[in-house]
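> Turn this into a model:
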Amino acid sequence: MLKVMAKPQIIAIVGPTASGKTALGVTLAQKFKGEVVSADSRAIYKDLGIGTAKPTPEEQRGVPHHLIDFVPLNQPYSLADYHRDATKAINDILARGHLPILVGGTGLYVNAVVYNYQLPPAPASSAVRAKLEALTTDELFKMLEKADPETAGVIDRHNPRRLVRALEVFLTTGRSIYSQQKTREPQYDSLIIGLEPEKNILKERITKRVENMLEAGLENEVKNLVAKYGWDNVLSNTIKYQEWRPYFEHKITYPQLVAGLIKADLQYAKRQKTWFKTNPDISWYAADTPNLRQLVVQKIKNCHALAANFSRPYYPSPLYLHRGLHFGNCGL
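Numbers count the residues shown, from 1 in each chain. Below is the predicted model:
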């Protein structure tokens, strides 16, 4: 009889900013001998610190974290780059006999790993890019609507970096970047946990977090980064950094800046929730439930119990036998 090997297992923890993903990820890593792989498109950058709310060494509590602080601020980094690096990190973790835990709120990053996106790299064209970067965000979006309505329907129309990249791909390949992001057979058996904070509590958390960032020296961090790199990089479209430009240019007051920082984070959280809510594979939990961690741990244990009687053949490799963890129909 032909043996069917189970896929390696991973856990993904998703949800809006300030929902408690980091703390839960660390708890699960400690419980199930895991390591965390970040799925945050800004935590990857070395120089972005306070404003990205990266987990501090104290918050990491000795749990290994991967794909944090490794890309220079002025270096381009694509979804294909992340897929490659995350896959390598996950496979290295599995090779050590540990459980990979994907944690983050960048939906495309999570999906690229969980659903194994096929991301053929499109050639970069400096000439095309230079012309596109001279256009305003509105002009870029209108151009994309006309040239590639498929991508225009799903892209963040306020993100000039993504608009430029989408147009660059279309103009150099003649194909939609969205159509090239096809899924393949998943590499992993994934259990996706979603955290959903109550609206008022989320607003309080975000407000308090912005206040803490300001007290921790966010203004000086942004000033130093602008002095070193200018605005022609990810600073110009990164929340809690881009809002400082009109303040530095004396176009808004400090109270207006603070209100803008909070508003931008709330709007980002709303977009994240909208993105993740379209995914039927996510098991959702109220982020503010007192026994959240126990519920999620029990969910994982229940999935293990279900797998014992799951109808499809299950032949775990020795790598995972020590853990006995198989998500079966609790995952994808």
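
> Okay, strands next: where are they in the stretch 1-150 of the chain?
9-14, 34-38, 65-66, 99-103, 117-118 (DSSP state E, counting those that start in this stretch).

> Check which helices and strands the third one sits against.
Packing partners of strand 65-66 (3 or more Cβ pairs under 8 Å, 6 or more residues apart in numbering; DSSP states H and E): strand 34-38. (C-beta placed from N, C-alpha, C; glycine too.)

> For burial, what's the neighbour tally of N200?
N200: 8 surrounding residues under other Cβ atoms under 10 Å.

> So which bits of the strand or helix carrying it are buried?
N200 is part of helix 199-215, with elements assigned from DSSP states H and E. The neighbour-count check on helix 199-215 (16 or more other Cβ atoms under 10 Å) flags L202, K203, R205, I206, T207, R209, V210, M213, L214 as buried.

> where does that helix sit relative to the chain's centre, distance-wise?
How far helix 199-215 lies from its chain's middle: 20 Å, per Cα atoms, centre = their mean, to the nearest Å.

> residues contacting the closest residue to L48 other than its chain neighbours?
The shortest distance from L48 to any non-neighbouring residue, by Cβ to Cβ, 6 or more residues apart in numbering, is to R42 (5.6 Å). The contact partners of R42, by Cβ atoms under 8 Å, 6 or more residues apart in numbering, come to L48, T52, V234, T238.

> Roughly how far does the third one sit from L225?
When you say that, I think you mean V234. For V234, the distance to L225 equals 10 Å [Cβ to Cβ, to the nearest Å].

> where do the contact lists of these two overlap?
Shared contacts of V234 and L225 (Cβ under 8 Å, 6+ apart): L48, L73.

> quick revisit: mean neighbour count and distance to G153 for the strands of the stretch 1-150 of the chain - can I get that in a markdown table?
Below are those laid out as a markdown table (neighbours: other Cβ atoms under 10 Å; distance: least, Cβ to Cβ, whole Å):
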| stretch | mean neighbour count | distance to G153 |
| --- | --- | --- |
| strand 9-14 | 26 | 22 |
| strand 34-38 | 25 | 28 |
| strand 65-66 | 20 | 33 |
| strand 99-103 | 25 | 27 |
| strand 117-118 | 16 | 18 |
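
> As CSV, the ones you listed with mean pLDDT would be great.
As requested, those are arranged in CSV below (pLDDT from 0 to 100):
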stretch, mean pLDDT
strand 9-14, 96
strand 34-38, 97
strand 65-66, 98
strand 99-103, 97
strand 117-118, 88
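
> CSV please, covering the ones you listed and showing distance to L295.
Shown next, in CSV, are the strands of the stretch 1-150 of the chain (distance: least, Cβ to Cβ, whole Å):
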stretch, distance to L295
strand 9-14, 13
strand 34-38, 18
strand 65-66, 24
strand 99-103, 16
strand 117-118, 30
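
> do you know which of those strands lies nearest T253?
Closest of the strands of the stretch 1-150 of the chain to T253 is strand 34-38, at 34.7 Å (criterion: Cβ to Cβ).

> What residues sit buried inside stretch 191-198?
L191, I192, I193, G194, L195, E196, P197.
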